[in-house]
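Q: this is the structure alone, sequence omitted:
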């Protein structure tokens, strides 16, 4: 009953006197005191067991239901058909009684299947500050009048279930680290360990031995991880820009390629910024098709990063 939750909210949160609660609800003060002392949210009443006309046929009906479960969905009999078959056997009760029995039987069977024959499970219990969980999801939002696909980072504390959600345009390492930084700032601390569904989200260069990870036994959590600075520097310089067929060394890179790298998903966003005078670029002939293509030089890239906040400058 919803009235009990209202009574508890008025008494425990709003600190209303029992006399006022009795006036608002119409219940006696003794009834309100009894509910508050019991600490229940919904009262439970014992339903008396009464004989039913279906009792002599309960075993047969249960056997029919069990046999119907082994058949395909199209071959199964409905509750109305079973009621007609029971009437032929002498049952003079209503269809509603048979339908209620079928619903209760299916509910009990589903509950039994969920609790038995499924193996033994150990509940996950975490200490305060022991661990957090991280994962990505996808969602859409209307940004600037256009439907934009977003990558949403979820960070949740395993003990208290407190969580933080942040949305980004890409799933890059910069976004990953930014989400962790904001989460630890909001949580006012760093948990002992992290639980990831896919570790490639956090580390993508350990498996191929391009980066060796060691741990400091005197530290705990993420502070215990150590990598060589030389290996980090080699990885940073190991990803030079690869020229495509439609590029030349003198022309730089197409504006479409640069826009994708900084998180612009729409094709015409960067040209629109260039036409408005906000983004530097220049037009050049395509070396194969001869069409005019908007290019961005290294100087243009540097100027853009100085003016706008991008993943490379975060």
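A: Perfect, I can see it now. Since the structure is predicted, the reported quantities are computational estimates derived from the model, not experimental observations.
Q: at which residues are the strands of the stretch 101-250 of the chain located?
A: 131-143, 146-157, 163-168, 193-196, 214-215, 225-226 (DSSP state E, counting those that start in this stretch).
Q: including mean pLDDT, mean neighbour count and distance to residue 90, could these go into JSON lines?
A: Backbone N, C-alpha and C define where each C-beta goes, glycine included. Shown next, in JSON lines, are the strands of the stretch 101-250 of the chain (pLDDT from 0 to 100; neighbours: other CB atoms under 10 Å; distance: least, CB to CB, whole Å):
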{"stretch": "strand 131-143", "mean pLDDT": "91", "mean neighbour count": "14", "distance to residue 90": "58"}
{"stretch": "strand 146-157", "mean pLDDT": "92", "mean neighbour count": "16", "distance to residue 90": "59"}
{"stretch": "strand 163-168", "mean pLDDT": "93", "mean neighbour count": "16", "distance to residue 90": "60"}
{"stretch": "strand 193-196", "mean pLDDT": "85", "mean neighbour count": "15", "distance to residue 90": "61"}
{"stretch": "strand 214-215", "mean pLDDT": "62", "mean neighbour count": "10", "distance to residue 90": "76"}
{"stretch": "strand 225-226", "mean pLDDT": "62", "mean neighbour count": "12", "distance to residue 90": "76"}
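Q: for residue 295, find the nearest of the ones you listed.
A: strand 146-157 (25.0 Å; CB to CB).
Q: so what strands line up beside that closest one?
A: strand 131-143 (antiparallel), strand 163-168 (antiparallel) (DSSP bridges).
Q: would you turn those into CSV with distance to residue 193?
A: Written out in CSV, the entries for these read as follows (distance: least, CB to CB, whole Å):
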stretch, distance to residue 193
strand 131-143, 5
strand 163-168, 17
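Q: could you point out which of these sits nearest residue 286?
A: Of all the strands paired with strand 146-157, the one in closest proximity to residue 286, counting by CB to CB, is strand 131-143 (30.8 Å).
Q: ok, and what's touching that closest one?
A: Strand 131-143 is contacted from outside by 147-159, 167, 171, 179-180, 183, 187, 191-197, 201-202, using CB atoms under 8 Å, 6 or more residues apart in numbering.
Q: for the stretch 101-250 of the chain, give me the ranges with low pLDDT.
A: Across the stretch 101-250 of the chain, residues meeting the criterion (pLDDT under 70) sit at 115-123, 198-250.
Q: mind listing the helices for the stretch 101-250 of the chain?
A: Applying DSSP state H, counting those that start in this stretch to the stretch 101-250 of the chain gives helices spanning 173-187, 229-236.
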